[in-house]
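Visitor: only geometry, no sequence info:
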């Protein structure tokens, strides 16, 4: 008897009956959630306790253990990821998953070890950027199996065993390879290659600032981020909150103290004079480059500084931004009383729409729509000002722009970065002060 189309649809396909299983993982729990690790990375599971403590190691390193004659580090995965864990005495047995990552063998402490789960790799889904309690950088994917949602961890990346991750994740090594950086918020562990990597919490914050605030952790701002993280942890702890950033509002709050003084408003005459005293120009004409100029406050501040402190110089300021609305209104910037230092009033006129800079000052600034990541057809410049701009570019673009600055700024010329940006480069010498982060081309 033939079947109807409806009846045919109800018959399971052969592929459904013979579900492909090409990925197996050891499942376990952390803080009440289900996790998995590729079974090929797992050497064995066991219970152990009484680990031997090692001085000057991060808090998540429980110590070392003797595994049939081999001394291996023991990492508490819950502490590493700032997850809650049951308090036990030092003699209590813990659930340990022993991992073999190439030549590295280590143990991780988890809450409970469940079972081996077989799944189809095609059914693994990518994680959401704010999925779970662990940074997305260390998650291979998520999968639902038999009513449970598993988060699959990338242990190679967590413990720095892949080429792509040795510069971003800590590697658990033998005790004699560990070292403490007193200036960091937590100890730094050296990877097996000898490359020093950042503390895990700093990496987490850097990843989330990039996701929520487009702010890119790099050598340019790492000192500030590390200092801010220490303040942030204390502030959050006092309020009973986790230090990890899980939404845009928290990223904005973290970055609230990053902008340089006078961001989004005119500089005071005192601040302008302070910057001018750091620089001297022998040439009669100055070319100034000001990318990321926004609504124009910084560009006009530069013009006012040169007009008053280098009055004998002829000059032109090339100002650009990729915000079309800001750059289109910058030439006709309307000034409020609170914007204006009394020293600048002689350079203003009362226009139909309000107080503006006079035509002579406006003529000194050329505003144009442009993305600094694209070709910058600039002549050689005597001064480049881009405060708090480079930190919002991708690290590769940061390196590219700094190289371009070394080419475009004349020998003896100057670069002004954000107050919380510090440049370490053989072409540049730091000459700034507490307000101005200034570098001279050498």
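Guide: Now that the structure is in, tell me what you want to look at. Only a predicted model underlies this, so the values are computations on that prediction, with no experimental measurement involved.

Visitor: pLDDT on the helix or strand that residue 226 is a member of, on average?
Guide: Using DSSP states H and E, residue 226 falls within helix 222-238. Average pLDDT, helix 222-238: 93.

Visitor: Would you mind listing the buried residues in the helix or strand just after it?
Guide: On the C-terminal side of helix 222-238, the nearest following helix or strand under DSSP H and E is helix 248-254. By neighbour count on 16 or more other CB atoms under 10 Å, the buried set for helix 248-254 is 250-251, 254. The C-beta positions use only the backbone N, C-alpha and C, and glycine is treated the same way.

Visitor: What is helix 248-254 packed up against?
Guide: helix 200-213 (3 or more CB pairs under 8 Å, 6 or more residues apart in numbering; DSSP states H and E).

Visitor: Measure how the helix it packs on sits relative to helix 222-238, angle-wise.
Guide: Here helix 200-213 runs at 90 degrees with respect to helix 222-238, directions being taken by axes from the mean of the first three to the mean of the last three CA atoms, to 10 degrees.

Visitor: So which elements touch helix 200-213?
Guide: When contacts are defined as 3+ CB pairs under 8 Å, 6+ apart, helix 200-213 packs onto helix 222-238, helix 248-254.

Visitor: among these, which is nearest residue 21?
Guide: Nearest of the helices and strands packed on helix 200-213 to residue 21, taken as CB to CB: helix 248-254 at 39.6 Å.

Visitor: Distance from the chain centre to the closest one, please.
Guide: Taking CA atoms, centre = their mean, to the nearest Å, one finds the center of helix 248-254 at 13 Å from the center of the full chain.

Visitor: Following element in sequence after that helix, please.
Guide: As assigned by DSSP H and E, the chain's next helix or strand after helix 248-254 is helix 269-276.

Visitor: Now do that next one, average pLDDT.
Guide: For helix 269-276, the mean pLDDT works out to 96.

Visitor: which outside residues touch it?
Guide: Here helix 269-276 makes contact (CB atoms under 8 Å, 6 or more residues apart in numbering) with 261-262, 267, 301, 304-305, 308-310, 341, 343-344, 416, 433, 435-436, 438.

Visitor: Test my guess that residue 24 contacts residue 121.
Guide: No. With contact defined as CB atoms under 8 Å, residue 24 does not reach residue 121; the gap is 10.1 Å.

Visitor: Quick check: buried residues in stretch 377-397?
Guide: With burial defined by 16+ other CB under 10 Å, the residues of stretch 377-397 counted as buried are 378, 381-391, 393.

Visitor: Quick check: strands, which of the residues you listed are part of them?
Guide: Those of those mapping onto strands are 381-385, per DSSP state E.

Visitor: quick one: which of these is nearest residue 364?
Guide: With CB to CB as the yardstick, the closest approach to residue 364 among those comes from residue 383, at 13.2 Å.

Visitor: ok, the most centrally placed residue in the chain to residue 244 distance?
Guide: Using CA atoms, centre = their mean, the residue of the chain that lies closest to the mean C-alpha position is residue 206, 2.7 Å off. Computed with CB to CB, to the nearest Å, the distance linking residue 206 and residue 244 is 12 Å.

Visitor: Check residue 94 too.
Guide: For residue 94, the distance to residue 244 - CB to CB - is 24 Å.

Visitor: contact partners of stretch 421-432?
Guide: Applying CB under 8 Å, 6+ apart, the set of residues contacting stretch 421-432 is 219-221, 223-224, 278, 387-388, 390-391, 402, 406, 415, 417, 437-442.

Visitor: How about stretch 338-355?
Guide: Contacts of stretch 338-355 (CB under 8 Å, 6+ apart): 265-269, 297, 304, 307-308, 332, 334-336, 356-361.

Visitor: Narrow these to those that are buried.
Guide: For the contacts of stretch 338-355, buried by 16+ other CB under 10 Å: 265-269, 297, 304, 307-308, 335, 356-357, 361.

Visitor: Make a markdown table out of those and add distance to residue 154.
Guide: Formatted as a markdown table, these follow (distance: CB to CB, whole Å):
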| residue | distance to residue 154 |
| --- | --- |
| 265 | 45 |
| 266 | 49 |
| 267 | 47 |
| 268 | 50 |
| 269 | 54 |
| 297 | 45 |
| 304 | 53 |
| 307 | 56 |
| 308 | 57 |
| 335 | 53 |
| 356 | 56 |
| 357 | 55 |
| 361 | 56 |
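
Visitor: And those residues, which is closest to residue 374?
Guide: For the buried ones among the contacts of stretch 338-355, the minimum distance to residue 374 (CB to CB) is 23.7 Å, reached by residue 297.

Visitor: Mind pulling up the pLDDT for the closest one?
Guide: Looking at residue 297, the pLDDT reads 96.

Visitor: Double-check it against residue 265; I have them as touching.
Guide: Yes. Using CB under 8 Å, residue 297 is in contact with residue 265, at 5.5 Å.

Visitor: Tell me the bridge partners for residue 151.
Guide: residue 35, residue 142 (DSSP bridges).

Visitor: Quick check: residue 106 is in a strand.
Guide: Yes. Assignment of residue 106 by DSSP: H, G, I helix; E, B strand; the rest coil places it within a strand.

Visitor: how many other residues sit next to it?
Guide: For residue 106, the count of nearby residues is 25 (other CB atoms under 10 Å).

Visitor: Give me the nearest residue to residue 219, chain neighbours excluded.
Guide: residue 424 (6.5 Å; CB to CB, 6 or more residues apart in numbering).

Visitor: What count of nearby residues applies to that neighbour?
Guide: Residue 424 - counted by other CB under 10 Å - has 9 other residues nearby.

Visitor: Same question for the one 5 residues further on.
Guide: Other residues within reach of residue 429, judged by other CB under 10 Å, total 12.

Visitor: Look up which helix or strand it falls in, please.
Guide: Residue 429 belongs to strand 428-430, assigned by DSSP H and E.

Visitor: Sheet partners, orientation included, of that strand?
Guide: On the basis of DSSP bridges, the sheet neighbours of strand 428-430 come out as strand 437-441 (antiparallel).

Visitor: Would you mind listing the outside residues contacting the strand it pairs with?
Guide: Contacts for strand 437-441 (CB under 8 Å, 6+ apart): 260, 275, 278-279, 387, 406, 409-423, 425, 427-432.
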